[in-house]
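>>> output the structure for:
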Amino acid sequence: YSASLGLRWEIDLWGSLRNQVQFSRAQLESSQANLKYAQMSIASQIAKTWLSIMHIEGQIGLLEEHERLQSLYLESIEERYRRGLIFAELLLYEKSKTQAIFESLNELYNERDQLSRSLALLIGDYPKAETLEYDPLPDHLDPIPAGIPSDLLLSRPDLIAIERQLAGSRVLLKSAKKQRLPKISLTGAFGNASSELSNLINSNNAFWNVGVNLAQPLINYGRINANIRASKAQLSEAEATYEKVILNAFMEVENALSSESYLQSIHKSNTLVLDQTKDIAAINMTKYKEGNGEFLNYLSSKIALVQSQRQNLQIKYNKLKNRINLYLALGYSFI
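Sure thing, here's the model as predicted:
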C-alpha cells in the first residue's frame, strides 16, 4: 500500500484573491444591512397597524354615538310624519342615512378584525381577531427639529446595503482585470516544492520563465475580457442603482416633511372648526333644556359635532402615520 498527498496554493501576487475576499465581505455587509432594513420595515409596519387599530376603535366609538343620535333623529322625524308635518321623502332620506351609518359600522368592525389578524401575523402569532384595549391617539406631537443634516440619511440600511454592493462591484472589476496577469502556483507532495516555485526563486527573471501559467491568460483572453465587460456592466448598474436609491431617500424625506407641514396646517384649521362645533352644540343644548330650542336642532348640532370629531381623529391618525414614515425615511431604527 502507498499513500500520496497533494496540496495546492496560489501565490496572490496581484491581489486578485484579496479582491475576491473584499467582494465577499462587501456582499456579506450588504446582506446584513438588507436584513436590518427588513427588520425596520416590519417594525414600522407593526407600529402603523397598531395605530390603525386604535384609529378604527376610535372611529367605531364615534360612529356608534352617531348611530344613536341618528336613531333619535329618525324617531322624531317619524313622529312628525305621522302627524302630517313633513313629507315622505324627508322620512325616506333619514332612513337611508341611518342605514348608511349601520353599513359603515359593519365595515369598520370587519376592518378592525382584519387589522387585528394582520398585527398578530406581523408579530409572529396565530392570525386571530382580538379586540385590543383602546388607547386614544395623542393630540400633539413634538415638532420636527430644525437643521437636520442630510448625513443622517447615511444611517439608512438600504443606503448602506447598496453602497456595499457598489463597493463589491468595484473590487470585483479589479479582480477581473487581474485575471489577465499570470498566476504562480505551489504544488507540494510530502513537502516537495513545485518546479514553478523553484524557477521563481532561483532563476533570473524567473517569473517570465514559468511557461504554461504565463500562457494561460493568452489562451483564455476572450473569456477574461468577457468577464471584465460583465464586471464593468455590473458596476455601471450598481452605480445607477446607488444614485436611484439616494434620490429615492431624499424624495421620501421631502414627501414626509411636506406632508408634515400640510397635516399640521389642516389639523390646526380642523381643531378650530371642532371647537366652534362644540360651542354650537352647547348653545343648542342650553336652548333645548330651557325650552327655547327645538329637539331636532339640538340633535343636528350633536351629529355635526360627532362628524367633526371623526374628521379630527382621521387627521391625527394621518399625522402619526406620516411621522413614522419620516422616521423611517431618516433612517431611524424602530428595533
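>>> and the pLDDT at the residue nearest the centre of the chain?
Centroid check for the chain by C-alpha atoms, centre = their mean gives S41 as the closest residue, at 4.5 Å. If you check S41, the pLDDT there is 91.
>>> and N220, by the same measure?
On pLDDT, N220 comes in at 65.
>>> check V212 too.
Here the pLDDT value assigned to V212 is 49.
>>> make residue 1 into 39 and carry on from there
That works, and once the first residue is 39, the last one we named lands at V250.
>>> can I assume I362 is in contact with I84?
No - in this structure I362 lies outside contact range of I84 using C-beta atoms under 8 Å: 10.2 Å. Where you see a C-beta, it was placed from the backbone N, CA and C, and this is true even at glycine.
>>> so for these two, which sits in the more crowded spot?
In this comparison of I362 against I84, neighbours counted by other C-beta atoms under 10 Å, the higher total goes to I362 at 18 against 15.
>>> quick one: buried residues of the helix or strand hosting that one?
I362 belongs to helix 333-367 when elements are defined using DSSP states H and E. Applying a neighbour-count criterion of 16 or more other C-beta atoms under 10 Å, the buried positions in helix 333-367 are 336-344, 346-351, 353-367.
>>> average pLDDT across stretch 102-120?
Confidence over stretch 102-120, taken as the mean pLDDT, stands at 95.
>>> over to stretch 338-346?
Regarding stretch 338-346, the rounded mean pLDDT is 96.
>>> show me the contact partners of it.
Among residues not part of stretch 338-346, those counted as contacts by C-beta atoms under 8 Å, 6 or more residues apart in numbering are 100-101, 103-104, 107-108, 111, 308, 311-312, 315-316, 318-319, 321-323.
>>> show the buried residues in the residues you listed.
Among these, those classed as buried by 16+ other C-beta under 10 Å are 100-101, 103-104, 107-108, 111, 308, 312, 315, 318-319, 322.
>>> and the helix or strand where Y131 lies, what does it pack onto?
Per DSSP H and E, Y131 falls inside helix 126-160. The helices and strands touching helix 126-160, judged by 3 or more C-beta pairs under 8 Å, 6 or more residues apart in numbering; DSSP states H and E, are helix 54-120.
>>> now the angle from the helix it packs on to helix 333-367?
Comparing the axes of helix 54-120 and helix 333-367 via axes from the mean of the first three to the mean of the last three C-alpha atoms, to 10 degrees yields an angle of 180 degrees.
>>> helix 54-120 vs helix 126-160, what angle?
Computed with the same axes, to 10 degrees, the direction of helix 54-120 lies at 150 degrees from that of helix 126-160.
>>> could you say what helices and strands helix 54-120 packs with?
Using 3+ C-beta pairs under 8 Å, 6+ apart as the contact criterion, the elements in contact with helix 54-120 are helix 126-160, helix 195-215, helix 333-367.
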